[in-house]
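Student: Give the three-dimensional model of this entry:
(one chain, ligands or ions: 1)
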Amino acid sequence: MAIDFEIPAETRAIREKVRQFVDEHCKPAEEELEHRPVKDVIDDLRVKARAEGLWCPFIPKEWGGMGLGPLANALVQMELGESYLGALALNTQGPDDATMLTLLQHGTDFQKEKYLKPLLNGEKRICFSMTERAAGADATGMQTRAVRDGDNWVINGEKWFSSAASVADIALVMAKTDPDAPRHQQFSTFLVELPNPGYQIQRNIKTMAVESLIGEKLGGGHAEVHLKDLVVPHENLLGGQGQGFNMGQHRLAYGRLRHGMHNIAMAQRALDMATEHVINRETFGQPLSNRQGVQWMLADCAAEIYKARLMLLHIAYKAEKGMDLRQENSIAKVFLANMVHQVVDTALQLHGALGYSQDTPLARWYTSIRSQRIVDGPDEVHRWTVGRNLVKAFREHGTTATACGGDLI
Ligand SMILES: Cc1cc2nc3c(=O)[nH]c(=O)nc-3n(C[C@H](O)[C@H](O)[C@H](O)COP(=O)(O)OP(=O)(O)OC[C@H]3O[C@@H](n4cnc5c(N)ncnc54)[C@H](O)[C@@H]3O)c2cc1C
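Tutor: The predicted structure follows:
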């Protein structure tokens, strides 16, 4: 089979359109955020995006999206990530995006009508409440309980780091429904309408990320939540009793890749900024860009971004063909989180004190992307899985090639 990196003409055209939209509308709108209400800025962008047919890229056309397959979506997301308004403008922001997929795949007709449609239409937002103080990486340690009471379920417990809960109209809450079932079948997922007296947001947790009111309003922060006698109708149980864990993993799988796609865009923008800066900045009588040491720093970033692009394209290819990509997804999740960290760190270094200041986005990016080595499964847990698969592959085939991207190459 030929290896073909030619991007179909139609996909190239869509990518170009999105690139222009980001350059012409999203990047300039970032500055408007300083003096206009966030909602107005996003609403305006969304009107423009929809008028150009740019909306919910990976959602099927019959549901109002662009119907893009994995490759085209990956290419589009790599453009959107260049502006922190890009994904919001096209209603493809996390954590909503992965939940849209879950609802499409697992929702009942009632749930799709009532909850999915307004999400797809950009009228509502949804958050995902799985992690607790008690359990994160090993989500099966969750303590929150849901108990059936006639036509309802009553949920009690706590959640934390529920991203965007403060701006969400719906929460997807995971809770233990079947304590005696096998460990991975003990949990179910519920659609909870917000605000709700039983879903009590205690605070947005202060993190190491550079504080910004705009960032908080855009992303909604990461909430700590008390669940106190939260009543949820049985019809809001999503995907069937005991299926919460499977569905959680399903949504995380897309989320991991989306972070990766946006990481490539962010890293590219950081490298562009670094390169422009070293061309213009002189020290000791010469532009920084003349120094071989600086060129090496840029070259190392280029190598990281190149590897990242190839990984994502390979994964997109496998997804297009419906092939198993769990191993590659874990490898890429870890690589892409570290890659963006390294590139942004280099860009910050080359900007000197300016990079450390908040006069460029680099400091904000630097402190926010540190979380990516923890969210959606910490590095160590993915590397554990990858390592186990390597051992298994060697035992089965006498080589690890199939478990490190070599099954096709
Ligand atoms: C910015 C941010 C946003 C988030 N958004 C959401 C959200 O919207 N919804 C949600 O439900 N959750 C969210 N989370 C929570 C996130 O999914 C968890 O933080 C993550 O799963 C890790 O869980 P933990 O923090 O409890 O760490 P723990 O499970 O306590 O693990 C701590 C550390 O131990 C190490 N470790 C754990 N297990 C192993 C192992 N088997 N082998 C080796 N080392 C190991 C890792 O280094 C890990 O970082 C978010 C977190 C952050 C930081």
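
Student: what's near enough to touch residue 268?
Tutor: Neighbouring residues of residue 268 by Cβ atoms under 8 Å, 6 or more residues apart in numbering: 78, 82, 305. In short, each C-beta sits where N, CA and C put it, glycine included.

Student: so is residue 155 in a helix, a strand, or just coil?
Tutor: The assignment at residue 155 comes out as strand when based on DSSP: H, G, I helix; E, B strand; the rest coil.

Student: and it, bridged to which residues?
Tutor: Counting by DSSP bridges, residue 155 forms beta bridges with residue 146, residue 230.

Student: Number of residues surrounding it?
Tutor: Neighbour count for residue 155, taken as other Cβ atoms under 10 Å: 26.

Student: Tell me if I'm right that it and residue 144 touch.
Tutor: Yes - using Cβ atoms under 8 Å, residue 155 is in contact with residue 144, at 6.4 Å.

Student: residues contacting the closest residue to residue 349 other than its chain neighbours?
Tutor: Ranked by Cβ to Cβ, 6 or more residues apart in numbering and with sequence neighbours excluded, the top spatial neighbour of residue 349 is residue 355, at 6.6 Å. Residue 355 sits next to 347, 348, 349, 362, 363 when contact means Cβ under 8 Å, 6+ apart.

Student: Repeat the analysis, applying 10 Å as the threshold.
Tutor: By Cβ atoms under 10 Å, 6 or more residues apart in numbering, the contact set of residue 355 is 270, 273-274, 277, 344-349, 362-363, 366.

Student: Wait, a helix at it?
Tutor: Yes - counting by three-state DSSP, residue 355 is located in a helix.

Student: Which residue ranges of the stretch 251-400 of the chain form helices?
Tutor: In the stretch 251-400 of the chain, the helices defined using DSSP state H, counting those that start in this stretch lie at 292-320, 326-350, 353-356, 362-369, 379-397.

Student: Can I get stretch 203-212 in CSV? Just the C-alpha atoms.
Tutor: The C-alpha trace of stretch 203-212 is given here as CSV (Å, rounded to 0.1, in the frame of the first residue of the first chain):
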residue,chain,number,x,y,z
ARG,A,203,-15.7,27.3,44.4
ASN,A,204,-13.5,27.4,41.3
ILE,A,205,-10.3,25.9,42.5
LYS,A,206,-7.3,28.2,42.3
THR,A,207,-4.6,26.6,40.2
MET,A,208,-1.1,27.4,39.1
ALA,A,209,-2.4,28.8,35.8
VAL,A,210,-1.9,32.5,35.4
GLU,A,211,-5.1,34.0,36.7
SER,A,212,-7.2,35.8,34.2
